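Novice: Build me a structure from this.
(2 chains)
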Amino acid sequence: MIQIEHLCKDYNGVLAVDDLTTTIPEGEIFGLLGPNGAGKSTTILMLTGLIQPTSGRCIIDGLDVTCDPIAVKMKIGYMPEDVGFYGNLSAEENLAYFARLYRMDEEKRQKRIPELLRLVGLEGVTKNVGGYSKGMRQRLGLAKALLNEPSLVILDEPTANLDPQGVADYRRIIRETARKGTTVLVCSHILEEVSKVCTSVGILSRGKLVAQGAWKDLAAGLEETSGGSMTIRIETRDPMTDLFHPDITGITFSPDRMTATITAVSDIRDAICDQLYESGVRLRSIFREGLSLEEMFLSYYQQEAQ
Amino acid sequence: MDLSGLITVAQKEFFDHLRSRKFLLIFGIFLVIAIIGMVGGIGEYNDNLDSYNENQASASSSPIRGFIAEKPSILSVYSNVATYLVFLGAILGIAMGFDLITREKESKSLKILLSHPVYRDEVINGKALGGILALVVSLAIVLLLSLATLLIYGIVPDASELTMILIFGIVSFLFIFSYFAIALFMSTVSEESGSALIYTIIIFIILSSLIPMITKDTVMEGIVGSAPDMPQQLIDQMRPGPSDNQSRMDPGSTARDSTTSETWQKYNTKMQAYLEKRNAIEGILTLFSPTMNYETMVASITSTDDGSDSRGSNRGSFAMSSMRAGEQAVSTDDALGKIVNNFLALIIFPAVFFGLAYVRFMRLDVR
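Specialist: Below is the predicted model:
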């Protein structure tokens, strides 16, 4: 479990992270979202012990990152956005070096490294990492992040350079990792990616956490704050007659009147179904359009900016 | 105390050096030149030995006992090697250190490395230790090959010579390590390897060329002033001629002798003070240059310091050379005693630069 308490980071008078407080439960895949300069990377660097917070603290599995950095680092697997390795060494040699830093014994290294290389699809690649593509480095970065069987995996823009197959592999690996009880923190600006793997998200804006929770809860909260305006799409097997409801603010039909798009100030789907049934129109589908991830993110971001 | 992080980093750095193409290339050239230097030095040594033996033979057969030159030392062979080492060794040290940290910054591996359970001091100490081990191995190879070369030519060093060869190796190591430490420091302060290399080369030029230039006659005279002129009376006195015999027979020569002696005394005191001042400044400047420290130490160790100062200062001055004549033919203990300051300077110099690199690395921003 990760506990972040009143975390602040000041870079020469510029507050990169401002009183950040949150808790991420064990086994959760948590997405940290935010525009450039929101403080995502700074938060990650403080979690990994690479920089010291100006105030506040990060606690990972009950250990304070500032007070016990080595013990915390033993529990963390980190993959930075611009993942770098030793170009003069092979993937296996790179991982063996890092494994030795984790005090992993020879026997465990012999078992774990080939297993991870197989997992990320780099098995049998013997050339030095200097000759790797960005995607291959990213795969190796993921293997490195999982090397010590960490209780927290921190991934900064994990799919930035991956091809579609790589992205699919990454999602599978992350889900499997979380299933084993590992907490995964994904920092990304690719919202779709975050929505596909993360069980909950936190939105950072100007160093502050402006929203946190499951996708659905965040969307519901946003709808409440946006006055309840929503879009309902209807598809029928027969042409529709006019639809009436006091909460409808706008309606458009297709030329064959087999589909309609309604904007309303409340969820009037039940009332619409009743009307269609009474008029003998067979319903194919009716659904309320949710906010897209981008809309939701921008909405929170704009609210904070205002 | 858990040293596993330090050992892991040091091991990696050591093997990185040994596998590095640039290290192997420079070391290869270094090795070839050292062997060529050895062979050349052995040739000279054999020539000197032949003339010494001839002198010995003629001296023993002649009833007149005259001046017999000292037996040439095999250490003179190493002074030949040192002339190459003073340049190539520095290049090797620089090549090993200039990108130790910048390479990590450029390849973005530093962030990954420091996210592992390893303290920063273990990283910088491990890097230095790996470099030191690689240097020790390189110098050990050079020394062993040099000994092998000596043996091939039928020259067997005795125990004291072996000790001096070992001291030569230690001094050479300290010299190369000095430039390694400078390069390591530059690597921590620079963002790119190119900049680190340029800054290190600038310092190398200052330490190996500029400071020795300052200690040369003309510049030193600008700093300390020129040497006191010898009084005409003394010059006349020293000039050989018929007056020599006349003066001895002259009844007033005793009075004149005492005046000359007084003048000589005054001149000697003035010159002594001047030399002391000049030597002090020169000595201080020398301590700041690993190259000059190394040259001074090698000259003492290999006993080739003839007192006329290899860097050119004071050359041509009768009084100075006569005063320094007493410094010739020093014993091994004297030779080591003379270089204590240089030796300490050669330890302190890399220690200071390594300390600076350490502090800088501990505070390095890894954003």
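
Novice: can you list the residues of the stretch 101-250 of chain B near chain A?
Specialist: Listed as neighbours of chain A in the stretch 101-250 of chain B under the rule Cβ under 8 Å from any Cβ of the partner chain: B:107-119. For glycine as for every other residue, the C-beta is placed from the backbone atoms N, C-alpha and C.

Novice: Select from those residues the one having the most neighbours.
Specialist: B:Ser115 (26 neighbours; other Cβ atoms under 10 Å in any protein chain shown).

Novice: What does the pLDDT read for A:Ile4?
Specialist: A:Ile4 carries a pLDDT score of 92 in this model.

Novice: where's it, which helix or strand?
Specialist: strand A:2-11 (DSSP states H and E).

Novice: show me what contacts B:Ala10?
Specialist: B:Asn125, B:Gly126, B:Lys127, B:Leu129, B:Gly130, B:Leu133 (Cβ atoms under 8 Å, 6 or more residues apart in numbering or on different chains).

Novice: could you say what helices and strands the strand holding A:Ile4 packs with?
Specialist: Judged by 3 or more Cβ pairs under 8 Å, 6 or more residues apart in numbering or on different chains; DSSP states H and E, the packing partners of strand A:2-11 are strand A:14-24, helix A:40-47, strand A:55-60.

Novice: Can you pull out the residues in contact with the helix or strand following the shortest one?
Specialist: Read that as strand A:55-60. Next in sequence after strand A:55-60, counting helices and strands by DSSP H and E, comes strand A:63-64. Strand A:63-64 is contacted by residues A:Arg57, A:Cys58, A:Ala71, A:Val72, A:Lys75 when judged by Cβ under 8 Å, 6+ apart.

Novice: which SS class is the residue in the stretch 1-150 of chain A that chain B sits nearest to?
Specialist: Closest contact between the stretch 1-150 of chain A and chain B, by Cβ to the nearest Cβ, is at A:Gly84 (2.8 Å). With DSSP: H, G, I helix; E, B strand; the rest coil as the basis, the three-state label of A:Gly84 is coil.

Novice: and if you look at the one 4 residues further on?
Specialist: In three-state terms, and counting by three-state DSSP, A:Asn88 is coil.

Novice: re earlier: out of the contacts of strand A:63-64, who's near chain B?
Specialist: Within the contacts of strand A:63-64, those near chain B by Cβ under 8 Å from any Cβ are A:Ala71.

Novice: Turn the contacts of strand A:63-64 into CSV, including pLDDT and neighbour count.
Specialist: CSV is the format used below for the contacts of strand A:63-64 (pLDDT from 0 to 100; neighbours: other Cβ atoms under 10 Å in any protein chain shown):
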residue, pLDDT, neighbour count
A:Arg57, 92, 15
A:Cys58, 93, 21
A:Ala71, 93, 15
A:Val72, 93, 22
A:Lys75, 93, 17
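
Novice: Can you pull the poorly scored residue ranges out of chain A?
Specialist: A:219-228, A:290-298, A:300-306 (pLDDT under 70).

Novice: interface residues of it facing chain B?
Specialist: Residues of chain A lying near chain B by Cβ under 8 Å from any Cβ: A:41-42, A:45, A:48-51, A:70-71, A:73-74, A:76, A:78, A:80, A:82-88, A:97-98, A:100-103, A:144.

Novice: 7 Å instead?
Specialist: Within chain A, the positions near chain B by Cβ under 7 Å from any Cβ of the partner chain are A:45, A:48, A:50-51, A:70, A:73-74, A:78, A:80, A:82-88, A:97-98, A:100-103.

Novice: which element is A:Tyr78 on?
Specialist: strand A:76-79.

Novice: in its sheet, what does that strand sit against?
Specialist: Under the criterion DSSP bridges, strand A:76-79 sits next to strand A:152-156 (parallel) in its sheet.

Novice: Mind listing what's buried along the next helix or strand after the strand it pairs with?
Specialist: Sequence order places helix A:164-179 as the next helix or strand after strand A:152-156, per DSSP H and E. For helix A:164-179, burial by neighbour count (16 or more other Cβ atoms under 10 Å in any protein chain shown) applies to A:Gly166, A:Val167, A:Asp169, A:Tyr170, A:Arg171, A:Ile173, A:Ile174, A:Thr177, A:Ala178.

Novice: can you pull the contacts of the residue of the stretch 151-300 of chain B at minimum distance from chain A?
Specialist: Nearest residue of the stretch 151-300 of chain B to chain A (Cβ to the nearest Cβ) works out as B:Ser193 at 13.1 Å. Neighbour list for B:Ser193: B:Phe98, B:Asp99, B:Thr102, B:Arg103, B:Glu106 [criterion: Cβ atoms under 7 Å, 6 or more residues apart in numbering or on different chains].

Novice: same check, this time on A:Arg137
Specialist: A:Val83, A:Phe85, A:Val129.

Novice: Next, give phi and psi for the residue lying closest to the last one once chain neighbours are set aside.
Specialist: Translated: A:Val129. Among residues not flanking A:Val129 along the chain, A:Phe85 sits closest, at 4.4 Å (Cβ to Cβ, 6 or more residues apart in numbering or on different chains). Dihedral pair for A:Phe85: phi -130, psi 180, per degrees, to the nearest 10.

Novice: what about A:Phe85, neighbour count?
Specialist: 26.

Novice: which ones are touching it?
Specialist: A:Asn94, A:Val129, A:Arg137, A:Leu140, B:Ser109.

Novice: still on that earlier bit, most neighbours out of the contacts of B:Ala10, which is it?
Specialist: Going by other Cβ under 10 Å, B:Lys127 tops the contacts of B:Ala10 with 26 neighbours.

Novice: Could you report the neighbour count for A:Tyr277?
Specialist: Neighbour tally, A:Tyr277, other Cβ under 10 Å: 11.

Novice: how far away is it from chain B?
Specialist: The spacing between A:Tyr277 and chain B, counted by Cβ to the nearest Cβ, to the nearest Å, is 61 Å.

Novice: what residues are up against the nearest residue to that residue once chain neighbours are set aside?
Specialist: Closest residue to A:Tyr277 apart from its sequence neighbours, by Cβ to Cβ, 6+ apart: A:Leu283 at 7.6 Å. By Cβ under 7 Å, 6+ apart, the residues touching A:Leu283 are A:Thr236, A:Cys273, A:Leu276.

Novice: Good, we can wrap up now.
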